[in-house]
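Novice: turn this into a structure:
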Amino acid sequence: MCLGRAFQIKDDIIGTFGERVKTGKSNLTDISEAKRTLLIWYAYNHSDKNGKAAIKRVFSGKRAGKKELLKIRKLISDSGSLNYAKQEIKGLFNKSQTLIKSLKMRKRCRSALIDFSQKILTV
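Specialist: Presented below is the predicted three-dimensional model:
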């Protein structure tokens, strides 16, 4: 569960800040699809009245233009949401490592799981 949650947050970061060349999609897609991610939740809860109104407008279901989508991405950055999400990933990753180490499984399988999770969750 911890690894899954951490991976989802990492995926949300990539979906919002990733480069199209690397991801194959626009980094505004998640926002335009009004995906309610940890990034949006944190930005909304740490924005002023105008920021909250902008997020509500984009997430109301109406089609938003590129200018509005870029504004939401800037709100995510300015609110500290990106840093918060990265800290959440680290916390979940650390918790998962403790849990993995306590599992009764072959040492090489445990090592492979730890190595794999480190590679995909490095922020």
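Novice: per-residue confidence at residue 66?
Specialist: For residue 66, the model assigns a pLDDT of 87.
Novice: for it, phi and psi?
Specialist: The phi and psi torsions at residue 66 (degrees, to the nearest 10) take the values phi -60, psi -40.
Novice: begin at 755, not 1, for the rest of this chat.
Specialist: Got it, first residue is 755 now, which makes that one residue 820.
Novice: ok, it - how many residues close by?
Specialist: Residues lying near residue 820 (other Cβ atoms under 10 Å) number 10. C-betas here are computed from N, CA, C, even on glycine.
Novice: over to residue 817?
Specialist: 7.
Novice: work out for me the element it sits within.
Specialist: Per DSSP states H and E: residue 817 is located in neither a helix nor a strand.
Novice: distance of it relative to residue 866?
Specialist: Distance of residue 817 to residue 866, given as Cβ to Cβ, to the nearest Å: 45 Å.
Novice: go on, residue 762?
Specialist: Distance, residue 762 to residue 866, by Cβ to Cβ: 21 Å.
Novice: what sits against residue 783?
Specialist: By Cβ atoms under 8 Å, 6 or more residues apart in numbering, residue 783 lies in contact with residue 769.
Novice: ramachandran coordinates for residue 804?
Specialist: phi -70, psi -40.
Novice: and it, how many neighbours?
Specialist: Neighbour tally, residue 804, other Cβ under 10 Å: 10.
Novice: swap in residue 795?
Specialist: Other residues near residue 795 come to 14 when the count uses other Cβ under 10 Å.
Novice: next one: it relative to residue 835, how far apart?
Specialist: 8 Å.
Novice: ok, now residue 822?
Specialist: 17 Å.
Novice: of the two, who's got more company?
Specialist: Set residue 822 next to residue 835 and count neighbours by other Cβ under 10 Å: residue 835 wins out with 24 against 17.
Novice: now that one, what are its backbone angles?
Specialist: Dihedral angles (degrees, to the nearest 10) for residue 835: phi -60, psi -40.
Novice: show me what contacts it?
Specialist: By Cβ under 8 Å, 6+ apart, residue 835 lies in contact with 792, 793, 794, 796, 797, 800.
Novice: one more time with 7 Å, if that's ok
Specialist: 793, 796, 797, 800 (Cβ atoms under 7 Å, 6 or more residues apart in numbering).
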